[in-house]
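**Q** Sharing a sequence plus its predicted fold:
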Amino acid sequence: MSSEGDRVALLQGTLDLIVLRALSTMGPLHAYALASRLAQVSEHPLSLNQGTLYPALIRLEQKGWIKGAWQKTENNRDAKFYAITKAGARALTRQTARWRRLASLVDTLLLEPGP
Amino acid sequence: MTTVRRALLRLLAVFRGGRAEADLAREIEAHLQLLEDTFVARGLPADEARLAARRAFGGVEQAKEHQRDTRSFRWLDDSWLDLKLGARMLVKYPGLALVGGMGMAVAIAIGAGFFAVSYSYVYPTLPLDEGDRVVAIEHWDTGAQRQEFRSLHDFVLWRDQLRSLTDLGAFRTIRRNLIVPGGPAEPVTIAEMTASGFTLARVPALVGRPLVESDERADAPAVVVLGHEMWRTRFASDASVVGRDIRLGDTVHTVVGVMPERFTFPVTHRLWVPLRADPSEYERREGPAIRVFARLAHGATREQAHAELAAIGQRAAAAFPTTHEQLRPRLVPYTSIYGVISSGGMDGWQLQWQLHLMQFFVSLILVLVGANVAILVYARTATRLGELTVRTALGATRRRIVAQLFLEALVLAALAAAVGLLLAHIGVMHLSAALSDAGDLPFWIEPGLSAGVFVYAAGLAILAAVLAGVVPALQATGRRLRPALLHLGSSTGLHLGRTWTVLIVVQVALAVAVLPEIVFTGWEWVRAGLATPGFAAEKFLTSGVEMDREIPSRAGADAYEREFASRFGDHLTDLVRRLEAEPGVSHVTFASRLPGDEATARVEINHGAHLTPSSPGGSVADVLTADVRLLHVDAHFFDAFDVPLLTGRRLARRDADSGAAAGDAAAAGRGAIVNRAFVQRVLLDMNPLGLEVRLVGHDRESAPDRTVAGWHAIVGVVEDFPTHRLKPEATLYLPASPGQIHPVMLAVRMRAAAPATLADRLRNIATSLDPTVRVHEVLPLDEVYRQGEQRIVRLGVVTIAAVTLSVLLLSAAGIYALMSFTVARRRREIGIRAALGADPRHILASIVSRAFWQLASGVVIGLTAAALLETASDGGLMDGHARVVLPVVAAIVLTVGVLAACGPARRGLRVQPIDALREP
């Protein structure tokens, strides 16, 4: 368990981008796998209340960027697998470009020498 | 696109929540299973793994809530749920739905009906091109406080001088016999109007042309423009009607055009002839009564026109002080020319304020009903306290619970508003029909409910829902809710606090104070609705008879009047004689109006012993002034209507000679008859025979110095008749011979029921005498009585009955709710007392004591208020019947209250000690 100080609070809207990216690289995932994947890549500093994932999933589904379908897991359990759609892939490209622009802008501002 | 798609899906999710909800539950369950599997794989025992999974996941309900928030519009979702719940509540508590709903429906119906009628009459929109720029000019006499219509001189002046007004014109309404070759004579209403009326209305003729200015010249040929309906019914929509001749009275007119359907400008007119009144023929403030209309000139404002008009008025007042010193011309809305609501010299805003004030009081009925329903809802809320506390415990905010109760009440109020609007619609239609009987409605009044009425009713429904839902909800979710958790399952958490006690006492008091008036008035109306006129009205055929009359210039006025009276008298005598000769006719008589429709008049009664001719007015002490009903009648009038003579003698022809000088009437044999009510109310049971009476004014406003007739001696007293009106009116019957009164109402009494053929016969005889003699409203008298006022009476009866019933029902329901509440709250106490062997009667007494205390306080306060009202009005409200009506109403309210208390009290007695004690 990471300490409070190490936690990275998610910026509003970035969760959608992260979910899209994970589904794009890993293929269809269920909510638990997604949550584990996010914890794994961030080596736990991205502390995610598992419950907060669900609003993001329904939001993306309603936007038509991902699509959920019930399938069996390797343990033969039922789970709803989410896959990225074509519209989702296009949105991911757009959102990634936007994120990069924003990040470099923030970087520039932070690296500017102080007065 | 994405945003729109998502919004639509969210909206859809509001109504299809069930599937999404099941899906979500399944998904989270799967999530927990997978987590559990992971913990098991790490070596935890199954039980611990399950708990660990739960911990790792976090709040399941919280996660669901977050997802729901994102999935749909939460507030809409909640509201939809509450609305469904509200509808279910109506079915679950049908008594509350019925009683509360009916009360609200009646209140909303009254509010909406009043709104619909008052606003369509007071704020009508003129359905003409740029109708808001059409105005009327009113000539106000500041001295007499009334409008001066004889403004021919001024009309010409205004037309020539006003720059800010165009299409300035005038009209007056006349009636003539329309005689088309080969058809029966038919009395018609005609607008004698300047040609500018057609340019102002901006409506072209359908066939031919409208009137043009050259038609107004005195030497121009007589022309007429037909309305669409007449063209269709009398001329079979013949396009070649232009150029044909029709006769209006004794003048032949050439048809020049036909106006389109629904064109009835200036008010309700369907035939138009040019207005040719020449001001040079009359003195100022003499001549025909006209109405002046105009349109604001392009770019001109109402204020400019008003200022210009005022300036002209001032100049006229300076130039002609004898006639114009007190006359003020002013601009008024065009629609004010229709006389249902005359401005009465009030400014527009005063009238509006009065109207708003009345509307406010009408809306107060709903507030009263709403408060009543609030008591019921509060009592119901008490029984649902468990549900509310659980919801609060699960995290529902107070706002959320209040919103739920509001929406529940809104379902009821919305249903009530729908029923109320339906009732209002029926009422308004009835009223319009009743008013149409009295004459057409002007073209700008559309009977029925406008969009504004619906908005108003919606507002009332929301107000009712706030009163009936939010107020009890705030009370119920107040600080006492938390301790209620401790008593979950029983109803002990809520109290009917002081507010509600006061409300119930006030309500009972109001019911007792107001009900007597309603019951009495309602009874009077019902009696009037059921009563018969007291004679065989179906045997009478009645008809108005009048003769075309010119407005003579001053020089020839006396001669014209004499000639007119003599000619009309001859025709009337002929008509009566020829009708008497018809088979089956037993009597023919006439009067100034129909019995039951007498005019009001101010009379002086000389009850001094003897008056000397030197003091014609009599001393103050000897002369009594009174406002009474007046009918000028033919000598055979009372015989024809079988009116019993109580004392004295009947009228004779010689009584009809003009009145005599004071003190001389009896000697000169000029008699008059009064009815029983006159003797009782005006003469206070003094012996009437020999007293002298004279007419001093034709309406209540007339100053007594405008003596219009000489003295008549009272020679007889007749029974009150007809008997179907609310209460007998003091009536004076003055004798009249043919020619003395114009117009007259003719009454033909048949030996059996009046045959329909007689009406045609009457019309034919009248027209054969003279084409200018008009008979109109030829109807059996029983039908006349059924129409018009009767319909309004019925509407009044129904409204009053509905209000009375809902007030009584609401009072009863309030008491019932209070009693149920008390019993529920004291179940435990009752159980313990019963277990200790207390007398059931004592327990009952203790249960009902509070309700009876409140009931009794209400009745006492109400009776006191009613008695005070009655005293203040000098016995006028209940006509001295207070001694009977008040105890009856008190008994009704007490009985209803006791009955309402019985059910809950019996429930209280049936409480089993063991059950009551076992409750937490």
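**A** Here it is on my side, so go on. Owing to the predicted nature of the structure, the values given are computational and were not obtained by experimental measurement.
**Q** residues near B:Thr389, how many?
**A** Per other CB atoms under 10 Å in any protein chain shown, the neighbour tally for B:Thr389 reads 22. Quick note: C-beta positions are derived from backbone N, CA and C, even for glycine.
**Q** any idea which element it lies in?
**A** helix B:385-393 (DSSP states H and E).
**Q** buried residues in that helix?
**A** Of the residues in helix B:385-393, B:Leu385, B:Gly386, B:Leu388, B:Thr389, B:Thr392 count as buried by neighbour count, 16 or more other CB atoms under 10 Å in any protein chain shown.
**Q** For the residues you listed, give me JSON lines that also has distance to B:Gly86.
**A** Listed next are the buried residues of helix B:385-393 as JSON lines, based on distance: CB to CB, whole Å:
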{"residue": "B:Leu385", "distance to B:Gly86": "18"}
{"residue": "B:Gly386", "distance to B:Gly86": "19"}
{"residue": "B:Leu388", "distance to B:Gly86": "15"}
{"residue": "B:Thr389", "distance to B:Gly86": "20"}
{"residue": "B:Thr392", "distance to B:Gly86": "19"}
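**Q** Closest one of the residues you listed to B:Val893?
**A** The closest of the buried residues of helix B:385-393 to B:Val893 turns out to be B:Leu385 (CB to CB; 30.4 Å).
**Q** Is the nearest residue to B:Gly95 once chain neighbours are set aside part of a helix or strand, or is it coil?
**A** Leaving aside its sequence neighbours, B:Gly95 sits nearest to B:Ala813 (CB to CB, 6 or more residues apart in numbering or on different chains; 7.2 Å). Under DSSP: H, G, I helix; E, B strand; the rest coil, B:Ala813 falls in the helix class.
**Q** picking up where we left off before, take the buried residues of helix B:385-393 and lay them out in TSV including distance to B:Asp839 and pLDDT.
**A** Formatted as TSV, the buried residues of helix B:385-393 follow (distance: CB to CB, whole Å; pLDDT from 0 to 100):
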residue	distance to B:Asp839	pLDDT
B:Leu385	32	72
B:Gly386	33	74
B:Leu388	37	76
B:Thr389	36	75
B:Thr392	41	74
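**Q** of all the residues you listed, which comes closest to chain A?
**A** Ranked by distance to chain A (CB to the nearest CB), the buried residues of helix B:385-393 are led by B:Thr392 at 22.9 Å.
**Q** Was I right to think that closest one contacts B:Arg399?
**A** No. The pair B:Thr392 and B:Arg399 fails to qualify as a contact (CB atoms under 8 Å) at a distance of 11.4 Å.
**Q** what's the residue nearest to B:Val212 when sequence neighbours are not counted in contact with, if anything?
**A** Closest residue in space to B:Val212, ignoring its immediate chain neighbours: B:Ala195 at 5.1 Å, by CB to CB, 6+ apart. Counting by CB atoms under 8 Å, 6 or more residues apart in numbering or on different chains, B:Ala195 makes contact with B:Gly169, B:Pro210, B:Leu211, B:Val212, B:Glu213, B:Asp215, B:Glu216, B:Pro274.
**Q** and if we set it to 6 Å?
**A** Applying CB atoms under 6 Å, 6 or more residues apart in numbering or on different chains, we find B:Ala195 in contact with B:Leu211, B:Val212, B:Glu213.
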